[in-house]
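1. Below is the sequence, then the predicted model.
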Amino acid sequence: MTKIHLSDHFTYKKILRFTISPILMMFITSIYWIVDGFFLSNYASSSAFAGVNLIFPIIMIVACVGFMFGAGGAALVSKYLGEKKKEKANKTFSLITYTTLISGLVLGLVFFFTIRPIAQGFAGINSVNTSKEMIDNAEIYGRIMMAGVVLFMMQGYFHCFFSVNETSSLGFVFSLSSGLVNMFLDYILVGLCGFGAAGAAFASLAGMFISTVGPMLYFFFRKKNLIRLGKAEFDIKDIFKSITNGSSEFVGNVSSSLISILFNMQLLKYIGEVGVSAYGIIGYVCFIFFSVYSGFSMGISPVIAYNFGAKNKPELSNVIKRSFDIVAVSGILMTTLSIVLARPLSMIFANNYPELLDLSTRAMMIYSVCYFVAGFSMFGSALFTALNNGVISAIISICRTLVYQVVAVMTLPLIMGVDGIWLSIVIAETLSAIQTLIITFKNQKKYGYSLVPKWREQSN
């Protein structure tokens, strides 16, 4: 099969071929948490399952620093490649890689010692509906994950650069290998040995070790790579540009984690630990469906950034228009699939708990509608990251994951009860999609792309 290059003309088929590996990479990453959740819910206590879900948003907040540097750096490096500045691209890639590595070590050390107070603070919102066992499990899982959170960060970071290197299929191989290791160790440590939350954490970190060290060695030693790790040239502007480019990914992930915390607080208030567990089940399933959008956006972003740097406006327009079409069709398919599979998917985690099974099934049926519109704002945010406009990208992410969701999750439950909590995500994603499409249309002239079909341009 012919290799696809960033400089190629992209048809629908070629876009799907180029992005399928990043989509599968993100899918495998989402399997990490699904496998952890499966073994914890079926072979450990309900408090262990709830404890992991309670502290997981904090782990994600720290880990998404890596994705911020990865997404922002990939856009910058791709732009340099489009401008034919290969040496600059390599030095920038190396600089951002080392910066991310050091940041991970420092953040892991800081949060290692603060996990229990954080868990107690969240659970203390409603002490009647929480238990000491849940806090203990949250602490155990959190401390182990923070000890190796640099692996989590670097895994997400390297995911962004395989497409830039035009070797996204290799990224999938690393992700698949790490996922299989995680599944096997979950079976041994949680299923057979009964180590609970600690076993799940060790299994995850073991998998992440493969998808961190492997790519680092690959980018350092393979001479035929389009981009390579090597000597870095310190440039504060490149670091700052990577942060601002990727700020939307950071803000979006942090906001999502904060929203998860807010959801847990509301659920503890209304129905107790069973609500946190139900939200955890939805979160696992949501990882799968959102991984399609995030993987697609991550895969196509270097193509957009490359053509932006090369000032190839016709191809830039072509890729953006086709990408929105793919996102629209994907939304219809995923919403339908999620509604049909709501109960079977819930049974994976809650088959032994009838109350939790009924609650999570109903919640998932309501929640599923959000997949119909969520892709527009997720791709829109990635689009402006690729265009090296972190401000617009961050605005889209903040409104989508924080502003709209906070307002919705705080107000709708007062009117509709628990169902209002699940419906809030649908309302928030719909508002965000409308906003994203308006922003995208308004910025056509500024960046030189066009969303108007050729036949309409000719008729005008």
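-> Sure, I can see it.

2. Can you show me the helices along the stretch 351-460 of the chain?
-> 354-367, 371-386, 390-398, 404-416, 418-442, 444-447, 454-459 (DSSP state H, counting those that start in this stretch).

3. Give me whichever of the ones you listed is most buried.
-> Highest mean neighbour count of these: helix 371-386, a mean of 27 (counted as mean count of other CB atoms under 10 Å). (C-beta placed from N, C-alpha, C; glycine too.)

4. what mean pLDDT does that helix have?
-> Average pLDDT, helix 371-386: 91.

5. Can you list the helices and strands that it packs against?
-> helix 46-82, helix 247-270, helix 273-310, helix 313-340, helix 390-398, helix 418-442 (3 or more CB pairs under 8 Å, 6 or more residues apart in numbering; DSSP states H and E).

6. In terms of secondary structure, what does the shortest one contact?
-> Applying 3+ CB pairs under 8 Å, 6+ apart, we find helix 390-398 packed against helix 236-245, helix 247-270, helix 371-386, helix 418-442.

7. how about low-confidence regions in the stretch 251-400 of the chain?
-> For the stretch 251-400 of the chain, the stretches flagged by pLDDT under 70 are 257, 273, 350-352.

8. got it, and the stretch 101-250 of the chain?
-> In the stretch 101-250 of the chain (pLDDT under 70), the answer is 122-131.

9. What ranges does it have for its helices?
-> Using DSSP H, counting those that start in this stretch, helices in the stretch 101-250 of the chain cover 115-123, 132-147, 149-164, 168-185, 196-221, 236-245, 247-270.

10. Determine which of the helices and strands packed on helix 371-386 approaches Leu24 most closely.
-> Nearest to Leu24, of all those, is helix 273-310, at 7.1 Å by CB to CB.

11. Just name whatever secondary elements that closest one is in contact with.
-> helix 12-43, helix 46-82, helix 149-164, helix 247-270, helix 313-340, helix 342-350, helix 354-367, helix 371-386.

12. hang on, isn't Leu387 packed against Phe308?
-> Yes - Leu387 lies in contact with Phe308 (CB atoms under 8 Å); the separation is 5.5 Å.

13. hang on, the earlier thing: can you check which of the helices and strands packed on helix 390-398 gets nearest to Val190?
-> Closest approach to Val190 among those (CB to CB): helix 247-270, 22.2 Å.

14. As TSV, the helices and strands packed on helix 371-386 with distance to Pro117 would be great.
-> As requested, the helices and strands packed on helix 371-386 are arranged in TSV below (distance: least, CB to CB, whole Å):
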stretch	distance to Pro117
helix 46-82	11
helix 247-270	14
helix 273-310	19
helix 313-340	36
helix 390-398	27
helix 418-442	26
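
15. Among the ones you listed, which comes closest to Ile118?
-> helix 46-82 (5.8 Å).

16. Now do that closest one, average pLDDT.
-> Rounded mean pLDDT across helix 46-82 is 85.

17. ok, Val77 - contacts?
-> Ala89, Thr92, Phe93, Ile96, Phe161, Val164, Ile227 (CB atoms under 8 Å, 6 or more residues apart in numbering).

18. contacting residues for the residue nearest to Gly246 when sequence neighbours are not counted?
-> Excluding the flanking residues, the one nearest Gly246 by CB to CB, 6 or more residues apart in numbering is Gly72, at 2.6 Å. Residues in contact with Gly72, defined by CB under 8 Å, 6+ apart, are Lys241, Ser242, Ile243, Thr244, Asn245, Gly246, Ser247, Glu249, Thr385, Gly390.

19. farthest pair in the residues you listed?
-> Checking the contacts of Gly72 with CB to CB, the most distant pair is Lys241 and Glu249, at 14.0 Å.

20. More neighbours: these two, which one.
-> Glu249 (30 against 20; other CB atoms under 10 Å).

21. ok, that one to Phe69 distance?
-> 9 Å (CB to CB, to the nearest Å).

22. what do you get for Ser317?
-> Ser317 is 29 Å from Phe69, by CB to CB.

23. For those two, indicate the residue with more neighbours.
-> Remark: of Ser317 and Phe69, Phe69 carries more neighbours, 29 against 19, as counted by other CB under 10 Å.

24. just to confirm, which helix or strand has the residue nearest to the more buried one when sequence neighbours are not counted in it?
-> Nearest residue to Phe69 in three dimensions, chain neighbours excluded: Thr100, at 4.3 Å (CB to CB, 6+ apart). For Thr100, the host element (DSSP states H and E) is helix 86-112.

25. Now do that helix against helix 236-245: the angle between them, please.
-> 60 degrees (axes from the mean of the first three to the mean of the last three CA atoms, to 10 degrees).

26. For Ile188, which of the helices and strands packed on helix 273-310 is the nearest?
-> Here helix 12-43 is closest among the helices and strands packed on helix 273-310 (CB to CB), at 10.0 Å.

27. which helices and strands does the closest one pack with?
-> Applying 3+ CB pairs under 8 Å, 6+ apart, we find helix 12-43 packed against helix 46-82, helix 149-164, helix 168-185, helix 196-221, helix 273-310, helix 313-340, helix 342-350.
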